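Enquirer: sequence plus the predicted model coming up.
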Amino acid sequence: MVVDYAVIVVYLAGMLAMGWWGMRRARSKSEFLVAGRRLGPAMYSGTMAAIVLGGASTIGGVGLGYRYGLSGAWMVFTIGLGLLALSVFFSARIARLKVYTVSEMLDLRYGGGRAGVISGVVMWAYTLMLAVTSTIAYATIFDVLFDLNRTVAIVLGGSIVVAYSTLGGMWSITLTDMVQFVVKTIGVLLLLLPIAVVKAGGFSEMKAQLPADYFAPLGIGGETIFTYVLIYTFGMLIGQDIWQRVFTARSDRTAKWGGTVAGTYCLAYALAGAVIGTAAKVLYPNLGSADDAFATIVKDELPVGVRGLVLAAALAAVMSTSSGALIACATVANNDIWSRVRGAVRRGDDRDAHDEVRGNRAFILVMGVAVIATAIAIDNVVEALTVAYNLLVGGLLVPILGGLLWRRGTVYGALASVVAGGVAVIALMATYGILANEPVYYGLLSSLAAYLIVSLVTPATDAAVLAAWRERLAGRGESAAPEPTTVSA
């Protein structure tokens, strides 16, 4: 294991070194939060794939393959479909807006800060829980590596991500994500996948050993697949962590085609995880938990050195999602909530640039500490993530997509949509249970009904606001982020 330890230590040290290097480039708000909006196709594709394929997609994807066979790929597959839909249909216009957060987009579209403030609170809760659940995954990986207890593992892994994210912001995260993308590709697709299949005796032996349902495309169940589409495909369309990566593209063409490449990569990654899990079922048919499949096959079947690289790939998956969610959480907390309440927002990307960088850096540090503390305290990861996604999709999907697609949508319709969807989701989770499907189904329908009805019975959005919105969508408006309306404390 000494060689494996060395591989991991070198990898972690490299992440910190890139954080230090990124600090030298992040000298303005734009550089710190969105990497100066100048990533080219290669870096954009790699970093976008890195952020959406986290610990749930890697460790959880293998676990689903262990439990359901090839149809276990559907969770990660729907993530890839969501990224493809975002890239093909929406990313170009999103990139042209030149904003920093989803809430700023709502301010631009509907005119006024009321919808932006409420959506900011919902988005902050979502990104916080996403960062928390990603951070908890360190416990699984470091337990395999060093037999550390849960709290120490979370603090160790979380501190490294907080350190490099705080130092260089999006530049550090971009550099580390690119390395993490390469490590994941080599570790999971090029090493673990073929080794797992060979160790299981090849596909013919896997078919002979397992029930036919393990090779049925819809074996996981149609209702489960539909729920994945609602939560993950639609979640990809509106999450701050994903939009903030779109904002890093140097052109709308880069955002569209680079994201398409990343989405296609996700589809391949989904199938790879399911195949690895299926192979693990042949090798270890009686594991206590399906989520142990990844760690077990890595520990028992891979040679020295390769094992370290594959575990580094698992770390890379967790760190890329964790850092992306952390900077998204801090950006929303600072720009959409704190700055609005204090009335401290100024126009312009680079005015008082040093102070803005320092402020955003402080928010990443504070949110990072909060994420680590919450990760230590929370027991049920699945329930926490389900609550976050239910609120995100049930409360924000309709007003965001409605703003992009329907001219008649109004600020009152957006507010009603967020409130109706959010209240319905919370009430139904209390009634049916957090893990039930009904909350997101009926929450989304409530949100849609409220948006349509209230928008139609309230005055249309001011023509000047819509004209300014169209100019920004065309890339002809101000390059600076809008000044949200201040909310009295």
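Expert: Everything's here; your move.

Enquirer: check which element follows the longest helix anywhere in the chain along the chain.
Expert: For the chain, the helix that runs over the most residues, judged by DSSP state H, is helix 150-184. Using DSSP states H and E, the next helix or strand after helix 150-184 towards the C-terminus is helix 193-199.

Enquirer: now do that following helix, average pLDDT.
Expert: Across helix 193-199, the average pLDDT comes to 94.

Enquirer: contact partners of it?
Expert: If you take C-beta atoms under 8 Å, 6 or more residues apart in numbering as the criterion, helix 193-199 is touched by 203, 206, 272, 275, 276, 279, 280, 283, 297, 301, 302, 306. No exception for glycine: its C-beta is placed from N, CA and C like everyone else's.

Enquirer: in this structure, what residue sits furthest out from the centroid?
Expert: residue 208 (37.5 Å; C-alpha atoms, centre = their mean).

Enquirer: quick check: which element contains that one?
Expert: Using DSSP H and E, residue 208 sits within helix 202-209.

Enquirer: which secondary structure elements does that helix contact?
Expert: Judged by 3 or more C-beta pairs under 8 Å, 6 or more residues apart in numbering; DSSP states H and E, the packing partners of helix 202-209 are helix 252-283.

Enquirer: so for the following helix or strand past the helix it packs on, what gets flagged as buried?
Expert: Using DSSP H and E, the helix or strand that directly follows helix 252-283 along the chain is helix 293-301. For helix 293-301, burial by neighbour count (16 or more other C-beta atoms under 10 Å) applies to 293, 294, 295, 296, 297, 298, 301.

Enquirer: now do helix 293-301 against helix 252-283: the angle between them, please.
Expert: Angle, helix 293-301 to helix 252-283, by axes from the mean of the first three to the mean of the last three C-alpha atoms, to 10 degrees: 60 degrees.

Enquirer: tell me what helix 293-301 is packed against?
Expert: Using 3+ C-beta pairs under 8 Å, 6+ apart: helix 293-301 touches helix 61-68, helix 114-146, helix 193-199, helix 252-283, helix 306-331.

Enquirer: convert the first one to CSV, retaining C-alpha atoms only.
Expert: So the one you mean is helix 61-68. This file holds the C-alpha atoms of helix 61-68, laid out as CSV (Å, rounded to 0.1, in the frame of the first residue of the first chain):
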residue,chain,number,x,y,z
GLY,A,61,-23.2,4.8,-9.9
VAL,A,62,-21.2,1.6,-9.3
GLY,A,63,-23.6,0.8,-6.4
LEU,A,64,-26.6,1.1,-8.6
GLY,A,65,-24.9,-1.2,-11.1
TYR,A,66,-24.4,-3.7,-8.3
ARG,A,67,-28.0,-3.5,-7.3
TYR,A,68,-29.8,-3.3,-10.7
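
Enquirer: what's residue 304 sitting at in phi/psi?
Expert: Main-chain dihedrals, residue 304, degrees, to the nearest 10: phi -60, psi 140.

Enquirer: same thing with residue 406?
Expert: Residue torsions, per degrees, to the nearest 10, at residue 406 are phi -130, psi 120.

Enquirer: just to revisit the earlier point, closest one to residue 335 out of the contacts of helix 193-199, please.
Expert: residue 272 (36.9 Å; C-beta to C-beta).

Enquirer: poorly predicted segments of the stretch 101-250 of the chain, please.
Expert: Within the stretch 101-250 of the chain, the ranges that satisfy pLDDT under 70 run 112-115, 140, 143-145.

Enquirer: again, 80 this time
Expert: 112-117, 137-148 (pLDDT under 80).

Enquirer: any idea how many residues pack against residue 3?
Expert: Neighbour count for residue 3, taken as other C-beta atoms under 10 Å: 14.

Enquirer: and it, how close does it get to residue 309?
Expert: Distance, residue 3 to residue 309, by C-beta to C-beta, to the nearest Å: 10 Å.

Enquirer: likewise for residue 42?
Expert: 22 Å.

Enquirer: is the closest residue to residue 228 other than its chain neighbours in a helix, a strand, or coil?
Expert: Distance criterion C-beta to C-beta, 6 or more residues apart in numbering; nearest residue to residue 228, sequence neighbours excluded, is residue 78 at 4.3 Å. Under the three-state scheme (DSSP: H, G, I helix; E, B strand; the rest coil), residue 78 adopts helix.

Enquirer: verify the stated contact: residue 78 with residue 227.
Expert: No: counting by C-beta atoms under 8 Å, residue 78 sits too far from residue 227 to count as a contact (9.3 Å).

Enquirer: re the thing from before, want to try JSON lines for the helices and strands packed on helix 293-301, with mean neighbour count and distance to residue 469 as columns?
Expert: Below are the helices and strands packed on helix 293-301 laid out as JSON lines (neighbours: other C-beta atoms under 10 Å; distance: least, C-beta to C-beta, whole Å):
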{"stretch": "helix 61-68", "mean neighbour count": "27", "distance to residue 469": "39"}
{"stretch": "helix 114-146", "mean neighbour count": "24", "distance to residue 469": "13"}
{"stretch": "helix 193-199", "mean neighbour count": "18", "distance to residue 469": "46"}
{"stretch": "helix 252-283", "mean neighbour count": "23", "distance to residue 469": "16"}
{"stretch": "helix 306-331", "mean neighbour count": "28", "distance to residue 469": "22"}
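
Enquirer: save those helices as JSON lines, and put in distance to residue 222 too.
Expert: Converted to JSON lines, the helices and strands packed on helix 293-301 look like this (distance: least, C-beta to C-beta, whole Å):
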{"stretch": "helix 61-68", "distance to residue 222": "13"}
{"stretch": "helix 114-146", "distance to residue 222": "26"}
{"stretch": "helix 193-199", "distance to residue 222": "27"}
{"stretch": "helix 252-283", "distance to residue 222": "17"}
{"stretch": "helix 306-331", "distance to residue 222": "28"}
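
Enquirer: more neighbours, residue 78 and residue 227?
Expert: Between residue 78 and residue 227, counted using other C-beta under 10 Å, the more crowded position is residue 78 (25 against 18).

Enquirer: next up, the contacts around the more buried one.
Expert: By C-beta under 8 Å, 6+ apart, the contact set of residue 78 is 225, 228, 229, 232, 233.

Enquirer: distance of the nearest residue to residue 261 once chain neighbours are set aside from residue 176?
Expert: Among residues not flanking residue 261 along the chain, residue 45 sits closest, at 4.4 Å (C-beta to C-beta, 6+ apart). For residue 45, the distance to residue 176 equals 16 Å [C-beta to C-beta].

Enquirer: looking at these two, which has the bigger crowd around it?
Expert: residue 176 (28 against 24).

Enquirer: I figured the more buried one was touching residue 322, is that so?
Expert: No: checked against C-beta under 8 Å, the pair residue 176 and residue 322 is beyond contact range at 10.7 Å.
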